[in-house]
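# Got a sequence here, can you build the structure:
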Amino acid sequence: MSLKGCNAQDSAGDFCVIPITEPDSKQHQRRTDILTCKYPISSCMEVYLNRLKKGSDIWDEQAFIEGIRAFADLCGSKRTEYYNKPWKGLHYPHTFRREWNLDHPELHIFLEEEEEEEEEEACFQCPPSWESGCRGKHLQWTLTRVEDLPLSRSLNELITETTTIDCGMWNALVIWFGIRYVVGDEWLDRFFPFKSPNKPLVFTQSWQLRMEKDYTSGNLLHDLYDRPSEQESPDTPEPNTLVQARTVFNHPLYWFKRPWGTGRLQNVIQIGADYLCFDPSAPNILSRKELDEALRQRYNAQHTSEDDDQLKFYKTYPGLVHPRRPTKTFGDLAKEADELMSHTLSQADWDRSKADRTRSANGLRLIFNTKRLLTCLEDVRELYLEGQLKEGDFFDYAKRRKTNDVWKTSLPALGI
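Below you'll find the predicted structure:
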């Protein structure tokens with residue numbers, strides 16, 4: 001893992017390098033020993049993994065959605081049923097740090113440690129068979145598998161050990177677990193035999209983009225998503241079976257008020273009227289009204305110690321330009337944060353910001369084409385059994401299927 005000096009930007013916030021103190025090497029080693037220790041999994045986790053291994057008797061839309069919801073339960077307010085240690089499983093860096101510090105106060109992780117080469121794993125965690133770091137020309141945070149294990153085993157390691165991700169990575173990961181719930185481990189491993197370095201398994205913050213050639217940005221399953229109709233209203237009631245990936249933004253001033261805040265936006269999976277979020281510490285299947293209220297309350301919350309530390313850093317180096325806000329110096333941001341520190345949003349204030357929040361989310365909504373997924377899975381399985389396809393052809397098949405779907409949709413507009 002390597003995050004040093006990359007100024008990693010969470011999908012829900014912005015991180016800057018903060019000066020650090022020399023770490024305690026003994027504490028570092030003790031923390032590493034605990035984190036790498038193999039703890040027995042809970043009975044609930046064992047039941048869940050066995051269900052994934054078995055797959056569904058019928059490969060249909062209902063099973064896929066059931067799989068997505070089951071994974072969301074694992075990552076939200078029901079996670080205590082699956083983990084014997086609160087810091088195990090999927091976390092944001094800040095929720096992992098909080099749970100770790102409560103469980104191991106003698107090995108407290110300080111915010112300043114996050115950018116130290118020997119301490120970077122303190123908050124950016126992943127199993128040994130994975131690598132978490134900033135890569136590519138834009139230094140995007142990516143989670144990359146570095147050992148060619150069966151896909152089912154690699155995914156198991158992410159959720160049974162400690163892994164820190166953001167809500168953009170989660171938006172892609174939840175779809176994989178929905179697919180796995182349908183097909184089971186045997187077919188999952190056959191459909192998707194990722195091999196490094198030519199076909200690596202990667203999760204990035206940019207769920208809405210096609211995967212880049214250098215695998216530093218994008219979504220491997222991009223060909224299973226479609227853009228919504230331009231004539232469609234974003235507030236139209238959705239069918240209960242429609243699966244969407246989208247980004248919901250907080251108030252435009254959030255970033256300026258909360259220097260370290262992680263509530264600038266929320267990437268979600270929407271199924272009908274339900275918004276499934278990555279939130280290891282709170283209910284994570286919400287209505288739109290509940291999601292909006294959660295974002296408003298994040299804006300209104302008092303500064304955390306992390307906000308205070310980041311603000312102190314801004315004031316220590318006022319002349320530096322923020323790496324992701326080239327028109328703002330740290331001094332500018334410190335002044336604005338001080339002015340907004342006590343500012344809160346009423347419901348009326350929130351409602352008035354709707355147009356700005358909607359504009360920020362422009363282009364960050366895609367429809368997951370469940371029919372295309374299931375058609376590809378069934379067709380490719382038959383071709384495998386007939387010996388007409390080799391392992392690993394799923395992506396090429398999905399790409400061709402999407403091209404055909406787009407062409408068919410275009411025919412009426414062309415008068416054909």
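# can you pull the contacts of Ala63?
By C-beta atoms under 8 Å, 6 or more residues apart in numbering, Ala63 lies in contact with 56, 181-182. In short, each C-beta sits where N, CA and C put it, glycine included.
# Output those residues in CSV; the columns should cover pLDDT, secondary structure and distance to Trp350.
Shown next, in CSV, are the contacts of Ala63 (pLDDT from 0 to 100; DSSP: H, G, I helix; E, B strand; the rest coil; distance: C-beta to C-beta, whole Å):
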residue, pLDDT, secondary structure, distance to Trp350
Ser56, 98, coil, 41
Tyr181, 98, helix, 36
Val182, 98, helix, 38
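# isn't Leu340 right next to Tyr254, touching?
No - the pair Leu340 / Tyr254 is not scored as a contact, 9.2 Å apart, by C-beta atoms under 8 Å.
# Quick check on these two: which one has the bigger neighbour count.
Set Leu340 next to Tyr254 and count neighbours by other C-beta atoms under 10 Å: Tyr254 wins out with 21 against 15.
# So the more buried one sits against Tyr299, correct?
Yes - counting by C-beta under 8 Å, Tyr254 touches Tyr299, with 5.2 Å between them.
# Overlap in contacts, these two.
Gly263.
# Do me a favour and average the pLDDT over stretch 223-243.
Averaged across stretch 223-243, the pLDDT comes to 72.
# Helices of the stretch 201-350 of the chain, start to end?
Along the stretch 201-350 of the chain, the segments classed as helices by DSSP state H, counting those that start in this stretch run 254-257, 288-300, 305-316, 330-340, 347-352.
# For the third one, buried residues please.
Residues of helix 305-316 classed as buried by neighbour count (16 or more other C-beta atoms under 10 Å): 306-307, 309-311, 313-314.
# In a markdown table: these, plus distance to Gly261 and pLDDT.
Putting these into a markdown table (distance: C-beta to C-beta, whole Å; pLDDT from 0 to 100) gives the following:
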| residue | distance to Gly261 | pLDDT |
| --- | --- | --- |
| Glu306 | 8 | 83 |
| Asp307 | 7 | 90 |
| Asp309 | 13 | 87 |
| Gln310 | 9 | 89 |
| Leu311 | 11 | 93 |
| Phe313 | 15 | 91 |
| Tyr314 | 14 | 94 |
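# Dump those to a markdown table, plus distance to Cys44.
Output for those, formatted as a markdown table (distance: C-beta to C-beta, whole Å):
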| residue | distance to Cys44 |
| --- | --- |
| Glu306 | 32 |
| Asp307 | 35 |
| Asp309 | 37 |
| Gln310 | 37 |
| Leu311 | 41 |
| Phe313 | 41 |
| Tyr314 | 44 |
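# In those residues, find the pair that's most separated.
Glu306 and Tyr314 (12.8 Å; C-beta to C-beta).
# so how many other residues sit close to His343?
13.
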